[in-house]
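[1] no sequence on this one, just coordinates:
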C-alpha cells in the first residue's frame, strides 16, 4: 500500500473549494495508493497542516450515536484529535509555530479555526471529519516534546452550546421543518444538510423552549424522541460535515445494504444479554391545547416606569399563567395593552400614548420588549401588559405495553419514552407495541465491529466509505451473527505506521419487510403484500 500525507507542493483542484488542499509523496508505505490530509482555513485561506501532523500517537476522529437502545437517537459531539510539531523541525522551522500568543505562531491559527480530515483512495476523496478547533494544548518546556495537542469538534458541539431564544411557536409543522427552524436561529449552520420531513404533523412545538437556557441540542433531542427519528453528522465524498435527520420511516423503507462484512473484522463485540430484551415499553404523550382562549394576560409590568425624553427601555417578559403563575407558551397574537401618562398618577390616562413607541419580538414563551419615549417631556408607563393566545399543558398520559412471557423468562427490562409534542394516546399505543416488536426479541446483537483497512482494498474502502446511517450486512461464524445492522457511530483512526482502522457502533435494523405506510406509494396493500408499519 502506498500511503502519503498531504504536503505543501503539488496542488489538487477539488470541488470542495476551501476545504481541501495539496498532495505530495512523503511518508510513503508500500501497498495501496492512498493519501491523507489535515487541512485548515486560516485567515480565510485554505492551508495544509499535514507536514506538521505527528503520526505518533496518530489521528483519531469519533462521531455519531454511541448506543443502540430505543432512546439513543441523537449524536454525541464528534471530535477529531491530532498533534502538531511545535519544534524547529516543523515546516516553518519555528519553535512555537502552533502556540497561540507566541511570537512565532502561525498566522490565523487559534480556537474556532475550521479543520477537516480527508483521505484520497483510488481517486475518491473521503471527507471524514469537519469542525472547529475547540482546544489547543501546547506541551510545556523548551527542552521537552515541543508538540501541540489539538481537538476539533463537529456541529453537534455547537448545538450543545447554543442557547435558543425567542423562537415563535411552530404550528402544524413536521419534524424536519422544526429541525430546519432551529438551525436557522443558530450562529453556525452545518456545512451540509440532509433533513427528512418526518411522519407526523405536530400541532404545536418549540413553545416550551426556555429562552436562553434551552440548548438547540435539547430541542433536537425532543424532536427526535417525538418522531422516533435520528440526528447525526456524517462524512461523505462531497464536503463532509453533513447533518442528517432521519424520519421514522427511513429505516423501514431503505432495505439496501451498503457494505457486506463476512468474517473479515478484527473485532466484534457480540453476544446475548438479558438487558437487551425489552419487555415493557412505557410511552408518554403530552396533551396541549389553547382551550379556545382568544387571549389572556401573559405578562404584567409590576410597577410604574418613568421614561425620560428619548429614553429607550428594553426588557424580557416571560409568559406565565395568570392563575397559577406557571410558565406558559403562546399560540401567537401577542400584543401590548398600556397607558403612557404625563403624570405618575392615573388622572391623565393615556394622554401620551402616541409618544410611546413599542417593539415586541415575540417568541413561543417570552418576548423582548423595547419601549421608547419619543416625546420631549418625561412620561410614565403606569399600565403595561402583554396578552396573547395561551397554550395549556395538561396532565401527561402514559401507555404501558408488556410481554408477560418475556418477563417471566428474562426478568423485567423496561424503557420509558416521552414524546413531548404528541397529544394522542393512540400514538403511545402504537409506539409501545412497535418497541416491543423490535427490541423484544432475543437475538445476538453486536454492539461494535472493528476493521483494519490495510488488509485489502475491499476492507479499506469499507473503512473509509462507511458512515452513520449506512446499512451493513454482517456475518461472523463463531458468534453466529448473520444479519443486517445500521451504523450509529464511527471511531476512525490513522495509527503509527499508517494503519487505518474503524470501529463502528452498530444498531439492529427495524425488520419490517414491506411495511404498510399510509400515503407511501408501493407500501399500501395492508395484509397482502405488506405488514403494519409505524
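    That came through fine. Remember, it's a predicted structure, so these values are computed and weren't measured experimentally. Numbers count the residues shown, from 1 in each chain.
[2] measure the residue nearest the centre of the chain to residue 62 for me?
    Residue closest to the average C-alpha location in the chain (CA atoms, centre = their mean): residue 156, at 4.5 Å. As judged by CB to CB, to the nearest Å, residue 156 and residue 62 stand 11 Å apart. Quick note: C-beta positions are derived from backbone N, CA and C, even for glycine.
[3] how is the protein carved up into domains?
    What the record gives for the chain is the domain set 2-153, 154-248, 296-393, from automatic domain parsing.
[4] highest average neighbour count across the ones you listed?
    Neighbour counts (mean count of other CB atoms under 10 Å) averaged over each of those peak at domain 154-248, with a mean of 20.
[5] Strands along the stretch 101-250 of the chain, start to end?
    Counting by DSSP state E, counting those that start in this stretch, the stretch 101-250 of the chain has strands at residues 114-121, 124-138, 147-153, 170-174, 192-195, 201-205, 230-234, 242-246.
[6] now for the ones you listed, which one comes closest to residue 351?
    strand 170-174 (38.5 Å; CB to CB).
[7] need the longest helix for this protein.
    helix 425-439 (DSSP state H).
[8] quick check: mean pLDDT across it?
    Mean pLDDT, helix 425-439: 93.
[9] Isn't the residue nearest to the centre of the chain up against residue 241?
    No: in terms of CB atoms under 8 Å, residue 156 does not count as a neighbour of residue 241; the distance is 10.6 Å.
[10] Report the buried residues of the strand or helix carrying residue 484.
    Using DSSP states H and E, residue 484 sits within strand 481-495. Applying a neighbour-count criterion of 16 or more other CB atoms under 10 Å, one finds 481, 483-495 buried in strand 481-495.
[11] ok, residue 112 touching residue 131?
    No: counting by CB under 8 Å, residue 131 is not a contact partner of residue 112; they are 10.4 Å apart.
[12] any chance of the buried residues of strand 481-495 in CSV, with distance to residue 47 and pLDDT too?
    Shown next, in CSV, are the buried residues of strand 481-495 (distance: CB to CB, whole Å; pLDDT from 0 to 100):
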residue, distance to residue 47, pLDDT
481, 44, 93
483, 45, 92
484, 42, 94
485, 39, 94
486, 36, 96
487, 31, 97
488, 33, 98
489, 30, 98
490, 26, 98
491, 27, 98
492, 22, 98
493, 24, 97
494, 19, 97
495, 25, 96
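[13] so can I have TSV of the residues you listed showing distance to residue 144?
    As requested, the buried residues of strand 481-495 are arranged in TSV below (distance: CB to CB, whole Å):
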residue	distance to residue 144
481	47
483	50
484	50
485	45
486	45
487	40
488	40
489	35
490	33
491	29
492	29
493	25
494	24
495	23
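[14] Of those, which is the nearest to residue 267?
    Nearest to residue 267 among the buried residues of strand 481-495 is residue 491, at 11.0 Å by CB to CB.
[15] What's opposite the closest one in the beta bridge?
    residue 62, residue 503 (DSSP bridges).
[16] now it: how far from residue 72?
    16 Å.
[17] before we move on, what about residue 327?
    29 Å.
[18] Could you point out which residue ranges in the stretch 401-534 of the chain have low pLDDT?
    510-533 (pLDDT under 70).
[19] Walking through it, point out its helices one by one.
    404-410, 425-439, 457-465 (DSSP state H, counting those that start in this stretch).
[20] could the ones you listed go into a markdown table alongside distance to residue 39 and mean neighbour count?
    Output for the helices of the stretch 401-534 of the chain, formatted as a markdown table (distance: least, CB to CB, whole Å; neighbours: other CB atoms under 10 Å):
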| stretch | distance to residue 39 | mean neighbour count |
| --- | --- | --- |
| helix 404-410 | 50 | 13 |
| helix 425-439 | 41 | 19 |
| helix 457-465 | 17 | 20 |
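[21] and residue 508, which of these is closest to it?
    Nearest of the helices of the stretch 401-534 of the chain to residue 508, taken as CB to CB: helix 425-439 at 7.1 Å.
[22] show me where pLDDT drops low in this structure?
    Using pLDDT under 70, the chain drops low at 1-32, 346-347, 510-533.
[23] Residue 210 is in contact with residue 219, correct?
    No: in this structure, residue 219 is not within contact of residue 210 by CB under 8 Å, at 10.2 Å.
[24] just to revisit the earlier point, what is in contact with residue 156 and residue 62 at once?
    Contact criterion CB atoms under 8 Å, 6 or more residues apart in numbering; residues shared by residue 156 and residue 62: residue 78.
[25] hang on, the earlier thing: mind giving me TSV with the strands of the stretch 101-250 of the chain and columns for distance to residue 457?
    Below are the strands of the stretch 101-250 of the chain laid out as TSV (distance: least, CB to CB, whole Å):
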stretch	distance to residue 457
strand 114-121	9
strand 124-138	12
strand 147-153	29
strand 170-174	42
strand 192-195	28
strand 201-205	47
strand 230-234	22
strand 242-246	25
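[26] Apart from its neighbours in sequence, what residue is nearest residue 258?
    residue 470 (4.3 Å; CB to CB, 6 or more residues apart in numbering).
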